[in-house]
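A.B. asks: model the structure of this input:
(one chain, ligands or ions: 1)
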Amino acid sequence: MSTKGDVLALLNQSENISLSGEEIAKKLSISRSAVWKAIRSLRSDGYGIVASTNRGYRLEKGNDILSAPAIKSMLDNAKEYEIISLEQIDSTNSYLKKAASEGAKDGTVVIAESQTNGRGRLGRRFVSQSGGLYMSLLIRPELSAEKSLFITTATAVAVCRAIEKVTDKNVGIKWVNDIFLNGKKVCGILTEGASDFESGRLEYAVIGIGLNIVEPVGGFDSEIRDIATSLFGEGAPSGTKNALAAAILNELSVLLKNPYGKETADEYRRRSIVIGKEVDINHNDSIARAIIIDIDDNAAIVLKTDDGKIIKKTSGEISIRI
Ligand code: BTN
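C.D. replies: The predicted structure is shown next:
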């Protein structure tokens with residue numbers, strides 16, 4: 001990340017505690033004047049940063065404005081992104097799929113404060129009230145369509161890394177595309193795309209990420225109240241949304257270079273919250289009870305059913321038995 005992004009991430013992690021310029025400089029191994037420049041630039045992006053004489057700097061809460069220039073300024077430039085930020089849209093994935101079919105370029109990103117028709121996997125609705133980060137990224141990778149599941153698994157790893165860099169929360173992955181915090185879903189990923197039938201290559205993929213940052217005013221919609229959570233309760237430190245968006249894009253620019261690398265598979269497994277869990281799984285048109293014994297390098301879950309059979313699945317859904 002850029003110095004500015006690093007300073008913002010550090011202030012974010014410290015939540016209510018102030019940090020002096022000297023502490024920030026020491027932690028990030030930069031000069032105090034670099035700290036001061038970063039603070040000044042963050043303020044001009046609209047971040048509320050309180051400075052008190054004896055204590056130092058602290059981010060104000062509830063000042064989480066989505067800003068494309070602020071996100072851009074925190075990118076590490078490993079990949080070129082074009083960022084479009086919107087107040088509201090039906091679905092960032094739908095928007096970008098249309099743009100992709102009209103020739104939009106690799107690296108186009110659309111981010112919205114809320115969605116009126118957010119879409120989840122398996123044709124489900126994805127409730128997208130304000131308080132979340134709803135973003136989609138268009139990529140045109142050199143990848144065969146059959147390997148597209150790795151885009152989702154690499155993204156899950158990227159989102160976890162970004163959350164842990166920007167906040168003090170620890171998150172895990174529920175196979176295949178959900179990020180969980182304290183036993184509840186905090187983020188969902190929907191990868192869609194189009195492939196060229198002749199070559200079998202992906203023409204493009206649109207990676208959609210829906211991350212709950214704060215609880216919406218009035219609480220989560222009743223449809224998801226029992227299963228959803230947010231990274232922060234009422235107010236996130238100012239700038240969290242932009243910092244998370246930038247951190248996710250920075251991680252993706254590394255991970256998507258080789259989405260099916262062994263290291264990514266290992267990290268996905270390590271972050272999994274389902275290995276060792278008993279689940280109900282749809283198998284041969286009926287629901288089977290099984291225990292998940294592994295996730296293999298192809299991102300398939302390996303299950304042992306009640307009658308001792310070993311099966312592998314690369315798609316579908318599992319429901320964890322409590
Ligand atoms: C799921 O949980 O089933 C996946 C949810 C994916 C939601 C994101 S929000 C941004 C993008 N736009 C959409 O309409 N969906 C994805």
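A.B. asks: which residues of the stretch 101-250 of the chain lie near the ligand?
C.D. replies: 115, 118-121, 124, 126, 128, 134-136, 178, 188-190, 208-210 (C-beta under 6 Å from any ligand atom). C-beta: built from backbone N, CA, C; applies to glycine.
A.B. asks: ok, 5 Å please
C.D. replies: Selection of the stretch 101-250 of the chain residues close to the ligand by C-beta under 5 Å from any ligand atom yields 118, 119, 120, 121, 126, 134, 136, 188, 190, 208, 210.
A.B. asks: ok, now how distant is the first one from residue 316?
C.D. replies: What it means is residue 118. To residue 316, residue 118 is 22 Å away according to C-beta to C-beta, to the nearest Å.
A.B. asks: tell me which stretches of the stretch 1-150 of the chain form helices.
C.D. replies: 3-13, 21-28, 32-44, 68-73, 92-101, 149-166 (DSSP state H, counting those that start in this stretch).
A.B. asks: residue 14: neighbour count?
C.D. replies: Look at residue 14: counted by other C-beta atoms under 10 Å, it has 19 neighbours.
A.B. asks: so it sits against residue 55, correct?
C.D. replies: No - counting by C-beta atoms under 8 Å, residue 14 stays clear of residue 55, with 11.0 Å between them.
A.B. asks: off-centre distance for stretch 86-95?
C.D. replies: 17 Å (C-alpha atoms, centre = their mean, to the nearest Å).
A.B. asks: oh, I was asking about stretch 281-292
C.D. replies: Stretch 281-292 sits 29 Å away from the centroid of its parent chain (C-alpha atoms, centre = their mean).
A.B. asks: equivalent analysis for stretch 121-128, please.
C.D. replies: Put simply, stretch 121-128 sits 16 Å off its chain's centre (C-alpha atoms, centre = their mean).
A.B. asks: show residues contacting that stretch.
C.D. replies: Here stretch 121-128 makes contact (C-beta atoms under 8 Å, 6 or more residues apart in numbering) with 112, 114-120, 134, 177, 188, 190, 210, 220-221, 223-224, 228, 317.
A.B. asks: ranges for the helices of the stretch 151-300 of the chain?
C.D. replies: With DSSP H, counting those that start in this stretch as the criterion, the stretch 151-300 of the chain has helices at 240-255, 262-271.
A.B. asks: for the longest one, name the packing helices and strands.
C.D. replies: Under the contact definition 3 or more C-beta pairs under 8 Å, 6 or more residues apart in numbering; DSSP states H and E, helix 240-255 sits against helix 3-13, helix 68-73, strand 108-115, strand 132-139, helix 149-166, strand 201-212.
A.B. asks: can you rerun that using 6 Å?
C.D. replies: Applying 3 or more C-beta pairs under 6 Å, 6 or more residues apart in numbering; DSSP states H and E, we find helix 240-255 packed against helix 3-13, helix 68-73, strand 132-139, helix 149-166.
A.B. asks: buried residues of the shortest one, list them for me.
C.D. replies: Right, the one you point to is helix 68-73. Going by neighbour count (16 or more other C-beta atoms under 10 Å), the buried part of helix 68-73 is 68, 70, 71, 72, 73.
A.B. asks: show the average pLDDT along it.
C.D. replies: Averaging pLDDT along helix 68-73 gives 88.
A.B. asks: and that helix, what does it pack onto?
C.D. replies: Using 3+ C-beta pairs under 6 Å, 6+ apart: helix 68-73 touches strand 82-89, helix 240-255.
A.B. asks: tell me how many other residues surround the residue of the stretch 151-300 of the chain found nearest the ligand.
C.D. replies: Using C-beta to the nearest ligand atom, the single residue of the stretch 151-300 of the chain nearest to the ligand is residue 188, 2.1 Å away. Using other C-beta under 10 Å, residue 188 has 23 neighbouring residues.
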